[in-house]
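# generate coordinates for the sequence data below:
(2 chains)
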Amino acid sequence: MKTTISRRDWLRRTSLAGAVTAGTAKAGEEAPAVPARPGWQGSQRVRKIATNCEMCFWRCGVLAEVRDGQVAKLEGNPDHPLTAGRLCARGNAGTQLLYDSDRLKRPMLRTGARGEGKFRDVSWDQALDFLSARMQDLKGHYGAESLAFFPHGVASSFFATLMKAFGTPNSAEPAFSQCRGPREVGYALTFGSGLGSPEPVDLEESKLIVLIGSHIGENVFTSQVTAFGTALERGAKLIVVDPRFSVAAAKADWWLPIRPGTDIALLLAWMNVLLEEGSYDKEYLASYASGLPELTAHVREFTPEWAEAITELPAASIRETARVMAAAKPAVALHPGRHATWYGDDTQRARAMAIVTALLGSWGRRGGIFLPTDLHTGSMPLPPFPKPSRERADGAGTRYPLASEEQGLTMGLVEATLTGKPYPIKGWIVYGQNVLESIPRREQTLKAIAALDLMVVVDVMPVEQIQYADLVLPEATYLERYDPPAVVASAKRPFVAVRQPVIEPLYDSRPGWWIAKQLAARLGLEAYFPWQSPDEHLAALVRPLEVNLRELRTRGAVAFAGRPYIDERTPDDGPLFGTASGKIELYSPALKQLGFDPLPRYMPVADPPPGYFRLIYGRAAVHSFARSENNAWLDALMPENQVWINSDVARDLRLADGERAVLENQDGVCSLPIAVRVTPGIRRDCVYMVHGFGQESRGMRRAYRRGASDTQLMTRVGIDPVMGGTGMRVNFVRVRRGPERG
Amino acid sequence: MARYAMVIDLQKCVGCQACTVACNSEWDVPAGYARTHVRQAGPVGKLPSLLASPYIAQCNHCDHPTCVAACPTGATFQTASGIVKVNRDLCIGCGFCVDACPYDARFLNPAIHKVDKCDFCADRLEKGLPPACVTTCTAHAKYFGDLEDAHGDVFRLVYERGGRRNETADVHIGPNVYYLGRKANLDLALATFAPRLPRLVTPGRLWRGLVKPLVLAAIGATFLGQAVAFFYQLRSGEKQFDD
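This is a model prediction of the structure:
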């Protein structure tokens, strides 16, 4: 059966040409009635409005079906250039965030003690008057830099502008120092640019996919999974390096159950084989790379036999997989990963991955890592931002020279708050970020919050930290608000995609742009928000792209021609490699100059003490971080996490599958009871759990104390000296039989 | 006439459950119930030689559906294109079909007290749309179409790539969901989720659900037969019999 749908059909079905404005979706010409189906309520007239998803940060294309002002259903937008009509479980369940009765509903001011969770409802005027007065107080007493900002999500960009205008440089998000930071820095040191998001990995064209700890399938980004499936169907081979038998490992041609923390040793041995056997891409390296002699000398001693003793992988397997890579080059998609803060040596591991990618000639080549095509967007002219009178308090750019000053170091701000050094941090505005679940060393975060003069939380859900807030502001969900459009360069066809409200905000919630603009007016900073409506903001932003605004809003996205491979690049695209030398730097003079190893070196990580296991963690396909656990549909699919324990170990500990246990870490911190999953699919030296559970917010009635939190057990971190990232796989737990028997 | 079928490539499927949620959303299936389930087979073996596979369970729209025969009211029926459907107006929620399905593809929907299951999104098909799960599948692992269309994906995947039915020596009723995958993984998935024998109804449920209506029907038929005989005799006149 043919089920292709022409654009005309689609437009007719959705029939909203020109009906939608970015600020407010208005009813336009309505579609003809469709036959009733069981369970459909109310009107038989339907509008479909295009927007993009924010159940995670991939921002897939969504069509919202709106009936009588209610969002009846979400489905994929077939016109979206990246996701082409597909949505994951979370994306399909977005209505259950919108209609979650536990949502924050109106602004609240604290009445009880911090942590007591007692509030009274206030109006937006009262809330914003309070906040602007307190911000001015802080500025007067301690300087604008005493206010720290913890953002997450695209709506926070308006607040980021406000913070810069207010005069504080102290903004930090976990996306850098608890996630992608080491990867971005490691690849930028080697190729002159990081990877960005979505990662430009050319899975669908690859002959060989190499995943190091990446658990595609459990970590679901729609278009990445589509490309992964396409590659496997086409016959691409798959190497998976993971101490756990992940979903991807079960599909792999070679699964390498590596000893945790030894990835750099494996990567060095792969380099050794490629260089010793002369099977690297000689022509590519001769044209584009520097430092080959230094690298060759460096890895000579790192043979597969040397690595076998460290990684506990057979030397023969290491040699075989290196040869498989050489045979498939350059179409080898060595995935750079995403969450990369593991052990504190993470920038060097990212460097090692980048070097293997370079040896295979995969960067900028079909089937490897493709190149972004920049889109030049516009903006309305803003006054210059005031220059902060002091450096950032978290050490980004100073103590950690290669840390991003745009994204900052969350734990650095926590420490500065606690110590008052280099200067006092007295206020936090936390925006869409669950600081108690995203930043390790939770006790320290709680102490820092207790020491604050002002704690403000802007969120959709009553996450745990609202109990410690002076002021809580309810943000509208992604389905009720305008946000800056997604301008995506790292796609083979770069595109711009809109986020527009499909219904008016429920309760007394407000979109982020409105909150920021209102606050700016009270602070005398309205010049930084010169647009009167979201429409005007969007029009200014996309003006240089010369897109038809009506088409953009109707179809949801507009794509442009891309030049993803080296042989398609034009001088307009700028230099191929943005390093100081203009070449791929296998040997990094930049690292050398800063006093770090210019070539990656394996440094042993501490082993678990007897009776303890390394705690590793990851994602589940149906949840996003600690954000989706209260979603009714997703909760029904996965109400709690489990701790994976090797079958032999479980037998020794007399633990049964499904039984509840408590995890106690090396510092005596205990988890909530968690169900044991006995499986042969994990090494004996580690245990695994999905992140995001064990939440302590009573306001989230489904998620409250379901499963256990990995973050609670992270009392130690391995700090990456290059960029300040916090490696979190350095904690060990022992497994105690729990109080409840499951 | 079309013969609708589905092919699921388990080597591509990552078990992400997008299909489950899209289906629940499309058909207002209550949370905790599903017309299409994602299951996990394995892992089995000893590290590092392990096997595991996802598996997707749903109505197979069988060639010889045991559920149709089990339905006492005729609510469950099969269309000419092979789709097994439930007419909710006729369904009495007796659950015989739930027991009769060797694939456990049916359930009693507590919101409507009727039986519920996949119907290949028949309403969407009428509008030219593929089933919701096929549209949303992140891995593009699900294919839907006409098994008799030699140019279609489903035909190619079943007859050229060797899509396999989930059948056993005991249960072979012609399921029309076909599976692809690596042989070892697919063997594990199909063995783990092999069809069971259709369950017979218990005497109590048989009485409530089937015998009672049948007895009533029989009583009704007796009266009807009497009436037919009466009117027949009325029209043709009473025959005289000689002693």
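# who does the spatially closest residue to A:Asn731 that is not a sequence neighbour bridge with?
Nearest non-adjacent residue to A:Asn731, counting by Cβ to Cβ, 6 or more residues apart in numbering or on different chains: A:Leu615, 4.9 Å away. Placement of C-beta: from N, CA and C, glycine included. In this entry, A:Leu615 is beta-bridged to A:Val687, by DSSP bridges.
# look up how far B:Glu167 lies from A:Leu615.
44 Å (Cβ to Cβ, to the nearest Å).
# could you point out which element follows the lowest-mean-pLDDT helix or strand in chain A?
Scoring the helices and strands of chain A by mean pLDDT, DSSP states H and E places helix A:7-14 at the bottom, with a mean of 39. Next helix or strand after helix A:7-14 toward the C-terminus (DSSP states H and E): strand A:47-52.
# centre-most residue in chain A?
A:Ala175 (5.6 Å; Cα atoms, centre = their mean).
# where do the strands sit along chain B?
B:4-9, B:37-46, B:49-57, B:76-78, B:84-86, B:107-109, B:114-116, B:142-146, B:164-165, B:177-180 (DSSP state E).
# and those, which is most packed in?
Most buried of the strands of chain B, by mean neighbour count (mean count of other Cβ atoms under 10 Å in any protein chain shown): strand B:4-9, with a mean of 25.
# what pairs with that one, parallel or antiparallel?
Strand B:4-9 is paired, per DSSP bridges, with strand B:142-146 (antiparallel), strand B:177-180 (parallel).
# got a list of contacts for it?
A:1, A:229, A:233, B:56, B:58, B:61, B:81-83, B:120, B:125, B:131, B:134, B:139, B:141-147, B:153-154, B:157-158, B:163, B:176-181 (Cβ atoms under 8 Å, 6 or more residues apart in numbering or on different chains).
# with stretch A:121-132 instead?
With Cβ under 8 Å, 6+ apart, stretch A:121-132 has contacts from A:106-109, A:456, A:471, A:473, A:508, A:510, A:515, A:518-519, A:522-523.
# contact residues of the stretch 351-500 of chain A facing chain B?
Not one residue of the stretch 351-500 of chain A sits near chain B, judged by Cβ under 8 Å from any Cβ of the partner chain.
# same question, the stretch 51-200 of chain A
A:73-76, A:85-93, A:95.
# please list only the buried members of the residues you listed.
Buried members of those, scored by 16 or more other Cβ atoms under 10 Å in any protein chain shown, are A:73-76, A:85-93, A:95.
# can you redo those residues as a markdown table with secondary structure, distance to A:Gly196 and pLDDT?
Formatted as a markdown table, those follow (DSSP: H, G, I helix; E, B strand; the rest coil; distance: Cβ to Cβ, whole Å; pLDDT from 0 to 100):
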| residue | secondary structure | distance to A:Gly196 | pLDDT |
| --- | --- | --- | --- |
| A:Lys73 | strand | 32 | 96 |
| A:Leu74 | strand | 26 | 98 |
| A:Glu75 | strand | 27 | 97 |
| A:Gly76 | strand | 23 | 98 |
| A:Gly85 | coil | 24 | 97 |
| A:Arg86 | coil | 21 | 98 |
| A:Leu87 | coil | 22 | 98 |
| A:Cys88 | coil | 21 | 98 |
| A:Ala89 | helix | 25 | 98 |
| A:Arg90 | helix | 22 | 98 |
| A:Gly91 | helix | 21 | 98 |
| A:Asn92 | helix | 26 | 98 |
| A:Ala93 | coil | 27 | 98 |
| A:Thr95 | helix | 30 | 98 |
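# what ranges do the helices span in chain B?
B:18-27, B:66-70, B:96-100, B:122-126, B:132-136, B:153-155, B:183-192, B:203-206, B:212-236 (DSSP state H).
# return the distance of the fifth one from the chain's centre.
In terms of Cα atoms, centre = their mean, to the nearest Å, the centre of helix B:132-136 is set 18 Å apart from its chain centre.
# please see if it touches chain A.
Yes. Shown here: helix B:132-136 in contact with chain A (Cβ under 8 Å from any Cβ) through B:132, B:135-136.
# now A:Gln518. Nearest residue, chain neighbours left out?
A:Leu128 (5.4 Å).
# same thing with A:Thr711?
The nearest residue in space to A:Thr711 (Cβ to Cβ, 6+ apart) is A:Glu437, at 5.1 Å.
# would that neighbour count as being in a helix?
Yes. Assignment of A:Glu437 by DSSP: H, G, I helix; E, B strand; the rest coil places it within a helix.
# next, count neighbours for it.
A:Glu437 has 28 neighbours, counted by other Cβ atoms under 10 Å in any protein chain shown.
# how far away is it from chain B?
22 Å (Cβ to the nearest Cβ, to the nearest Å).
# what does A:Pro589 give?
With Cβ to the nearest Cβ as the criterion, A:Pro589 and chain B are 40 Å apart.
# same list (the buried ones among the residues of the stretch 51-200 of chain A next to chain B) but as JSON lines, adding distance to A:Tyr343.
Below are these laid out as JSON lines (distance: Cβ to Cβ, whole Å):
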{"residue": "A:Lys73", "distance to A:Tyr343": "44"}
{"residue": "A:Leu74", "distance to A:Tyr343": "39"}
{"residue": "A:Glu75", "distance to A:Tyr343": "41"}
{"residue": "A:Gly76", "distance to A:Tyr343": "38"}
{"residue": "A:Gly85", "distance to A:Tyr343": "40"}
{"residue": "A:Arg86", "distance to A:Tyr343": "35"}
{"residue": "A:Leu87", "distance to A:Tyr343": "35"}
{"residue": "A:Cys88", "distance to A:Tyr343": "29"}
{"residue": "A:Ala89", "distance to A:Tyr343": "31"}
{"residue": "A:Arg90", "distance to A:Tyr343": "29"}
{"residue": "A:Gly91", "distance to A:Tyr343": "33"}
{"residue": "A:Asn92", "distance to A:Tyr343": "36"}
{"residue": "A:Ala93", "distance to A:Tyr343": "34"}
{"residue": "A:Thr95", "distance to A:Tyr343": "40"}
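# and the spatially closest residue to A:Trp306 that is not a sequence neighbour, its phi and psi?
Nearest residue to A:Trp306 in three dimensions, chain neighbours excluded: A:Ala269, at 6.8 Å (Cβ to Cβ, 6+ apart). Torsion angles at A:Ala269 (phi, psi; degrees, to the nearest 10) stand at phi -70, psi -40.
# quick one, grab the pLDDT at residue 122.
No chain was given, so I picked chain A. Reading off the confidence values, A:Val122 has pLDDT 98.
# nope, chain B please
Value listed for B:Ala122 in the pLDDT field: 97.
# could you find the closest non-adjacent residue to it?
That would be B:Ile83: by Cβ to Cβ, 6+ apart, it lies 5.6 Å from B:Ala122.
# who are the contact partners of that neighbour?
B:4, B:61, B:119-120, B:122.
# 10 Å instead?
B:2-4, B:59, B:61, B:77, B:118-122, B:125, B:176 (Cβ atoms under 10 Å, 6 or more residues apart in numbering or on different chains).
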